[in-house]
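Undergrad: Just need the structure, nothing else, for what follows:
(one chain, ligands or ions: 1)
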Amino acid sequence: MTLPSEAVERVREDVCALHTELLRWNLVTWTSGNISARVPDADLIVIKPSGVTYEDLTPESMVVCDLDGTVVDGRHSPSSDTGAHAYVYRAMPEVGGVVHTHSPYATAWAARNEPIPCALTAMADEFGSDIPVGPFALIGGDEIGKGVVSTLTGHRSPAVLMRSHGVFTIGDTPKAAVKAAVMCEDVARTVHLACERGPVERLPQEHIDALYDRYQNAYGQK
Ligand SMILES: O=C(CO)[C@@H](O)[C@@H](O)COP(=O)(O)O
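TA: Now for the predicted structure:
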């Protein structure tokens, strides 16, 4: 396969740089977590090499795979979650980036198999709903990817708490998927802290809808 080299190199640089955001926001420990991105106009993805510490990640170390997760270019073995990421890209053509973390507060909700109730305006803004839990699956094959897709298809949330495992997020770009992972941990922590002092109330659906619409369509610099 002839690689679209300029496009691949740009995605390698982007995916490598985005991994520093997982450290910046304390979403990963040691080598846990991973980010991938779809290569525009090619049936290819770029993903983190497995078990490489974040400090040692370079654009050149990122691994290029096809949509079946088969390595097409790269000196390293791809992430343990390559099968999961690849499944998502095959099943959800609108997805341009996938992120996986073990961020502590969100992963604690996943350990309890408990969705995070949409009790904050920040949740309504970014997730438009509760943050759902997905099924437990062993690592390495398609099962995690199937769980991510079955949970998020038709769901507003770009984040899913995979039971007893951790967070998977999707986005139309890898940066959007990273943002979803950052915001998922932020709201998981806040709602957890609130729950320590008593029950929290989910926002009324009409307010969730109004907040989501504003944030997704009017917020920021247009
Ligand atoms: O949780 C898992 C697998 O899902 C970890 O091994 C994962 O976070 C990191 O694995 P990789 O270094 O990407 O192979």
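Undergrad: so which strand or helix has the residue most central in space within the chain?
TA: The geometric centre of the chain, computed from its C-alpha atoms, lies nearest to residue 169 (Cα atoms, centre = their mean), at 2.3 Å. Element membership for residue 169 (DSSP states H and E) is strand 166-171.
Undergrad: Show me what that strand is in contact with.
TA: With Cβ atoms under 8 Å, 6 or more residues apart in numbering as the test, strand 166-171 has contacts from 27, 32-33, 84, 88, 92, 95-103, 106-107, 110, 134, 144, 148, 152, 158-162, 177-181, 184-185. In this view, the C-beta of every residue, glycine as well, is placed from N, C-alpha and C.
Undergrad: Neighbours of the residue lying closest to residue 212 once chain neighbours are set aside, how many?
TA: Spatial nearest neighbour of residue 212, chain neighbours left out: residue 128 (3.7 Å); criterion: Cβ to Cβ, 6 or more residues apart in numbering. Residue 128 has 19 neighbours, counted by other Cβ atoms under 10 Å.
Undergrad: which of the contacts of strand 166-171 come close to the ligand?
TA: 32-33, 100 (Cβ under 6 Å from any ligand atom).
Undergrad: could you dump those residues to TSV with secondary structure, pLDDT and neighbour count?
TA: Formatted as TSV, those follow (DSSP: H, G, I helix; E, B strand; the rest coil; pLDDT from 0 to 100; neighbours: other Cβ atoms under 10 Å):
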residue	secondary structure	pLDDT	neighbour count
32	coil	98	15
33	coil	98	23
100	strand	98	28
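Undergrad: for the host helix or strand of residue 206, packing partners?
TA: Assigned by DSSP H and E, residue 206 falls within helix 205-217. On a contact count with 3 or more Cβ pairs under 8 Å, 6 or more residues apart in numbering; DSSP states H and E, helix 205-217 meets helix 121-127.
Undergrad: Which strands or helices does the helix it packs on pack on?
TA: The contact analysis (3+ Cβ pairs under 8 Å, 6+ apart) places helix 121-127 against helix 174-195, helix 205-217.
Undergrad: Give me whichever of those is most buried.
TA: Per-stretch averages of neighbours, counted by mean count of other Cβ atoms under 10 Å, single out helix 174-195 among the helices and strands packed on helix 121-127, with a mean of 21.
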